[in-house]
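Visitor: return atomic coordinates for the entry below.
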Amino acid sequence: MNPYVLSHVIPSLGLGTLITLISSHWLLAWMGLEISTLSMIPVMTGSRHPRAIEAAAKYFLTQASAGATLLFGAATNAWITGQWAIEQTPHPIAAIIMTIALAMKLGLAPLHTWLPEVLQGLDFDTGLILVTWQKLAPLVLLAQIPQDTPALLTTLGLLSILVGGLGGMNQTLVRKILGYSSISNIGWMALAMHYSHPLVLLTLVTYIIMTCTIFMLFKEIEAKSIKCLANAWARNPVFTACIPLVLLSLAGLPPLTGFMPKWLIILKLCEHNLAFLATVAALSALLSLRFYLQLIYAMMTIMPSSATLGSKPWRLRNRMGSMTMGLGVSASLFLTPLIPILLVFLSP
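Guide: Residues are numbered from 1 along each chain as shown. Okay, here's the model as predicted:
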């Protein structure tokens with residue numbers, strides 16, 4: 001992409017999210033979301049690849065539909081109650097409409113089908129922005145909608161965990177698998193949204209750390225599909241050894257970092273006498289573990305062909321990037337003892 005264009009697009013991307021985060025008016029929040037969406041389109045189409053153009057078109061149509069639905073819900077609330085303020089309790093019908101719109105923007109099931117397809121058409125850098133930064137504004141707005149009954153949000157969260165696990169099983173493309181992983185992890189946040197906002201924020205922080213790390217690692221070994229992972233040891237054995245551990249952390253396997261937020265969410269559900277719901281969520285997380293193990297199996301047990309051995313040096317060429325990934329891997333694996341401290345710090 002032209003550096004001049006990029007210097008305008010990236011600040012606009014941050015500005016749109018910032019406007020949404022600080023706004024107290026539904027119309028301003030909607031404007032921030034649309035600025036962020038329109039700024040993301042040039043980033044997606046920067047490579048000029050046909051798949052990137054297709055992904056940008058799908059992303060634009062989906063986000064425009066969600067934005068129009070959100071504006072309709074806000075206008076309906078203003079028509080019924082006479083106010084646009086976010087901090088005011090919206091009408092139940094308007095709250096349902098806005099929740100569905102934000103769920104579409106986040107990629108929560110059953111409004112999730114666009115996310116894996118769009119992510120597959122993007123490179124790892126753009127995909128990382130899509131599954132991390134672009135989730136912040138809709139998630140904050142969703143947290144500010146008072147839910148008289150948590151049935152809708154809980155159903156969306158539990159369905160996302162289930163669909164994220166089932167959808168990733170039959171995939172062979174790495175970026176689609178990461179898309180379903182994102183759906184599953186966002187589902188855990190939606191599941192805890194009604195019960196503890198600090199816990200949602202903690203889950204978001206750990207999710208961003210682990211997702212940034214796994215995207216950087218897969219980009220470094222140039223992983224596009226599962227069969228490409230067989231050559232990962234020849235390309236970069238150091239980073240290939242780190243990938244299984246980060247994947248297990250994303251799956252929530254103890255005692256890694258990703259285990260503690262899921263465990264705290266399960267405990268919070270049990271405190272509200274929702275032990276059955278917590279059990280179903282925990283069992284659904286095993287589905288995600290299955291396709292993570294599929295990736296690990298491809299890296300650990302499938303031997304590369306002899307022609308690829310030594311075809312590419314494994315030495316680390318980018319020292320600064322290696323240090324960043326080293327910090328990310330460390331945080332993804334060893335942050336569990338600090339989780340209680342972070343939870344106290346994030347609590348109001």
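
Visitor: how near is residue 271 to residue 8?
Guide: Using C-beta to C-beta, to the nearest Å, residue 271 is found at 48 Å from residue 8. For glycine as for every other residue, the C-beta is placed from the backbone atoms N, C-alpha and C.

Visitor: again, but for residue 299
Guide: Where residue 8 is concerned, residue 299 sits at a distance of 40 Å (C-beta to C-beta).

Visitor: equivalent analysis for residue 101, please.
Guide: Residue 101 sits 28 Å away from residue 8, taking C-beta to C-beta as the criterion.

Visitor: those two: which has the busier surroundings?
Guide: The neighbour count for residue 101 versus residue 8, taken as other C-beta atoms under 10 Å, is higher for residue 101 (26 against 12).

Visitor: mind checking pLDDT for that one?
Guide: pLDDT recorded at residue 101 is 95.

Visitor: residues contacting it?
Guide: When contacts are counted by C-beta atoms under 8 Å, 6 or more residues apart in numbering, residue 101 is found next to 66, 67, 69, 70, 72, 73.

Visitor: then residue 120?
Guide: 51, 55, 173, 175, 176, 179.

Visitor: one more: residue 335?
Guide: 206, 209, 257, 342.

Visitor: same deal with residue 157?
Guide: 108, 187, 188, 189, 190, 191, 192, 193, 281.

Visitor: name the SS class of residue 255, please.
Guide: Put simply, residue 255 is coil when judged by DSSP: H, G, I helix; E, B strand; the rest coil.

Visitor: residue 253 versus the residue lying closest to it once chain neighbours are set aside, what's the distance?
Guide: Residue nearest to residue 255 in three dimensions, not counting chain neighbours: residue 336, with 5.5 Å by C-beta to C-beta, 6 or more residues apart in numbering. Computed as C-beta to C-beta, the residue 336 to residue 253 distance reads 11 Å.

Visitor: try residue 272
Guide: For residue 272 relative to residue 253 (C-beta to C-beta), the value is 25 Å.

Visitor: now the longest helix seen in the chain: mean pLDDT?
Guide: Under DSSP state H, the helix in the chain containing the largest number of residues is helix 50-81. When pLDDT is averaged over helix 50-81, the result is 94.

Visitor: which other helices and strands does that helix contact?
Guide: Here helix 50-81 touches helix 26-44, helix 92-106, helix 114-120, going by 3 or more C-beta pairs under 8 Å, 6 or more residues apart in numbering; DSSP states H and E.

Visitor: for those helices, give me TSV that also has distance to residue 81.
Guide: Putting the helices and strands packed on helix 50-81 into TSV (distance: least, C-beta to C-beta, whole Å) gives the following:
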stretch	distance to residue 81
helix 26-44	11
helix 92-106	8
helix 114-120	31
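
Visitor: who wins for proximity to residue 147 among the ones you listed?
Guide: Set against residue 147 and scored by C-beta to C-beta, the helices and strands packed on helix 50-81 come closest in helix 92-106, at 6.9 Å.

Visitor: for residue 69, which non-adjacent residue is closest in space?
Guide: residue 101 (3.8 Å).

Visitor: distance of that neighbour from residue 151?
Guide: In terms of C-beta to C-beta, residue 101 sits 18 Å off from residue 151.

Visitor: neighbour count: residue 272 and residue 253, which is higher?
Guide: residue 253 (16 against 13).

Visitor: contacting residues for the more buried one?
Guide: 259, 289.

Visitor: roughly how far apart are it and residue 206?
Guide: Note on residue 253: its distance to residue 206, by C-beta to C-beta, is 13 Å.

Visitor: now swap in residue 25 and tell me
Guide: In terms of C-beta to C-beta, residue 25 sits 31 Å off from residue 206.

Visitor: which positions within stretch 60-72 qualify as buried?
Guide: For stretch 60-72, burial by neighbour count (16 or more other C-beta atoms under 10 Å) applies to 60, 62, 63, 66, 67, 69, 70, 71.

Visitor: export those residues as TSV, with columns for distance to residue 229.
Guide: Below are these laid out as TSV (distance: C-beta to C-beta, whole Å):
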residue	distance to residue 229
60	32
62	30
63	32
66	34
67	37
69	39
70	39
71	43
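
Visitor: once you drop chain neighbours, what's closest to residue 26?
Guide: Residue 26 sits nearest to residue 74 (C-beta to C-beta, 6+ apart), 3.7 Å away.

Visitor: do residue 209 as well
Guide: In space, residue 209 is closest to residue 331, 4.9 Å off (C-beta to C-beta, 6+ apart).

Visitor: mean confidence for the host helix or strand of that neighbour?
Guide: Residue 331 belongs to helix 319-334 when assigned by DSSP states H and E. Mean pLDDT, computed over helix 319-334, is 75.
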